[in-house]
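Trainee: sequence and predicted structure are below.
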Amino acid sequence: NKVHEATGTGTGVLGDQKSVNTYYANNTYYLYDVTKPMSGVIATYDNNNGGQYSLPGYYVTDSGNTFYSERQKAAVDAHYYAGEVFDFYYDNFGRESYDDNGSDIVSSVHFGNNYNNAAWVGNQMIYGDGDGSTFTYLSGADDIVAHELTHAVTDTTAELVYENQSGALNESFSDVFGYFVDNEDWLMGEDVYTPGVPGDALRSMSNPTQYGQPAHMDNYQNLPNTEQGDWGGVHTNSGIPNKAAYNTINAIGQSKAEGIYYRALTVYLTPSSTFSDARQALVQSAQDLYGSTTANSVASAWNSVGVY
Ligand SMILES: O=C(NO)[C@]12CC[C@H](CC1)C2
Ligand SMILES: [Zn+2]
């Protein structure tokens, strides 16, 4: 692969310039990264505004190794931020890709039409373009990319069932690792959310109620476990564990918090874990790694949101 490795340059969704790891073959360059310490690759595709049946789509290529076009922006960021999230998990925990088995990290941008969403679909990530009002290209936010790739980590570790409390934990762990990767604020999705409205976000971990999420167990929303009910409100009730995470990180610092969240996710949590189980898993992880003072801080962080 060495002979094929190249470094290209591209423009991201927000108009920022960045280097991208590319692959040279047949007189063209691909958004295809073979540089990471894993057996797999990071490959980014253009789904050509198709749906799930046309995945992954087409390789993103450029004959000059310069990815400056409007259509290439979403791919540049999906590719670059996927590499950033790989690095986060590898450098901090020695995890080789989302499954710790070196699987390819595949992303498809331009999924669907004006699709205001992004997802991990079991074997790859997909990113919509947004409708230009609610969202712009969703891969333009590194916290969203980290959020989606963390769904893949969760699916290969705790396998938290995507409904009710375990589903809200699934969502929260994705937001928490999104914070760890993009820790400049406590907001989620702000870089691509309502491009015409400055300063707002999809969610806030420090103040969940600002965007309609509960921040305490007293306000847990018992929504129906249906698609319309967002599977028991997984994107609503995640505000409670998100607030506990905000409390925890402020109490013990980001570095220790990274250690306990990763240990809880990979060692203690199970598919049906509840909020109380998560509190116990994080307290135990804190005890294991850093001792009782840290463990007590974590317990208090969860007590403050009404979870014991
Ligand atoms: O939380 C989510 N998915 O589970 C997202 C985050 C950005 C897109 C909109 C909502 C996907
Ligand atoms: Zn999610």
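Mentor: Yep, it's here. Quick caveat, the model's predicted, so the values are computed rather than measured. Ligands and ions are numbered 1, 2, ... in the order given.
Trainee: show the average pLDDT along the longest helix seen in the chain.
Mentor: Taking DSSP state H as the criterion, the chain has its longest helix at helix 70-93. Taken as a whole, helix 70-93 has an average pLDDT of 98.
Trainee: touching ligand 1 at all, it?
Mentor: No: residues of helix 70-93 are not located near ligand 1 by C-beta under 6 Å from any ligand atom, the shortest gap being 12.8 Å. C-beta coordinates here come from the backbone N, C-alpha and C atoms, glycine included.
Trainee: helices and strands around that helix, which ones?
Mentor: strand 5-11, strand 17-25, strand 42-46, strand 105-111, strand 125-128, helix 142-155, helix 164-181, helix 254-263 (3 or more C-beta pairs under 8 Å, 6 or more residues apart in numbering; DSSP states H and E).
Trainee: make JSON lines out of these and add mean neighbour count.
Mentor: Formatted as JSON lines, the helices and strands packed on helix 70-93 follow (neighbours: other C-beta atoms under 10 Å):
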{"stretch": "strand 5-11", "mean neighbour count": "17"}
{"stretch": "strand 17-25", "mean neighbour count": "18"}
{"stretch": "strand 42-46", "mean neighbour count": "25"}
{"stretch": "strand 105-111", "mean neighbour count": "28"}
{"stretch": "strand 125-128", "mean neighbour count": "28"}
{"stretch": "helix 142-155", "mean neighbour count": "25"}
{"stretch": "helix 164-181", "mean neighbour count": "26"}
{"stretch": "helix 254-263", "mean neighbour count": "19"}
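Trainee: for the stretch 201-308 of the chain, what lies in contact range of ligand 1?
Mentor: Going by C-beta under 6 Å from any ligand atom, the residues of the stretch 201-308 of the chain near ligand 1 are residue 235.
Trainee: same thing but 8 Å
Mentor: Residues of the stretch 201-308 of the chain found near ligand 1 (C-beta under 8 Å from any ligand atom) are 202, 203, 234, 235.
Trainee: compare those and tell me which has the most neighbours.
Mentor: For these, the largest number of neighbours (other C-beta atoms under 10 Å) sits with residue 203, at 26 neighbours.
Trainee: and stretch 224-234, what's its mean pLDDT?
Mentor: Here the average pLDDT along stretch 224-234 is 98.
Trainee: between the two ends of it, how far is it?
Mentor: 11 Å (C-alpha to C-alpha, to the nearest Å).
Trainee: go on, stretch 147-163?
Mentor: 17 Å.
Trainee: need the contact partners of that stretch.
Mentor: Identification of contacts with stretch 147-163 by C-beta atoms under 8 Å, 6 or more residues apart in numbering yields 82, 85, 89, 95, 98-100, 105, 118-120, 122, 125, 166-167, 169-170, 173-175, 177-178, 188, 225, 231-232, 234, 265-266, 269-273.
Trainee: about what we covered before: and of the helices and strands packed on helix 70-93, who's closest to ligand 2?
Mentor: Across these, ligand 2 has its closest neighbour in helix 164-181 (4.7 Å, C-beta to the ion).
Trainee: hmm, the helix or strand following the closest one in reach of ligand 2?
Mentor: Sequence-wise, the next helix or strand downstream of helix 164-181 (DSSP states H and E) is strand 187-188. No: Strand 187-188 stays clear of ligand 2 (C-beta under 5 Å from the ion), getting no nearer than 9.6 Å.
Trainee: contact partners of strand 187-188?
Mentor: 143, 144, 147, 175, 178, 179, 201, 202, 203, 204, 205.
Trainee: give me the distance between the closest residue to residue 24 other than its chain neighbours and ligand 1.
Mentor: Nearest residue to residue 24 in three dimensions, chain neighbours excluded: residue 6, at 4.5 Å (C-beta to C-beta, 6 or more residues apart in numbering). The spacing between residue 6 and ligand 1, counted by C-beta to the nearest ligand atom, to the nearest Å, is 31 Å.
Trainee: quick check: which element contains the residue of the stretch 201-308 of the chain found nearest ligand 2?
Mentor: Relative to ligand 2, the nearest point of the stretch 201-308 of the chain is residue 235 (7.1 Å; C-beta to the ion). If you go by DSSP H and E, residue 235 is part of helix 230-237.
Trainee: over to residue 64?
Mentor: Residue 64 belongs to no helix or strand, assigned by DSSP H and E.
Trainee: the chain should start at 57 in everything you say after this.
Mentor: In the new count, where the first residue is 57, that last one comes out as residue 120.
Trainee: show me the contacts for it.
Mentor: residue 85.
Trainee: gap between it and ligand 2?
Mentor: 36 Å (C-beta to the ion, to the nearest Å).
Trainee: can you give me the strands for the stretch 257-364 of the chain?
Mentor: Along the stretch 257-364 of the chain, counting by DSSP state E, counting those that start in this stretch, strands occupy 259-260.
Trainee: taking it, what residue is nearest to ligand 1?
Mentor: residue 291 (5.5 Å; C-beta to the nearest ligand atom).
Trainee: good, we can wrap up now.
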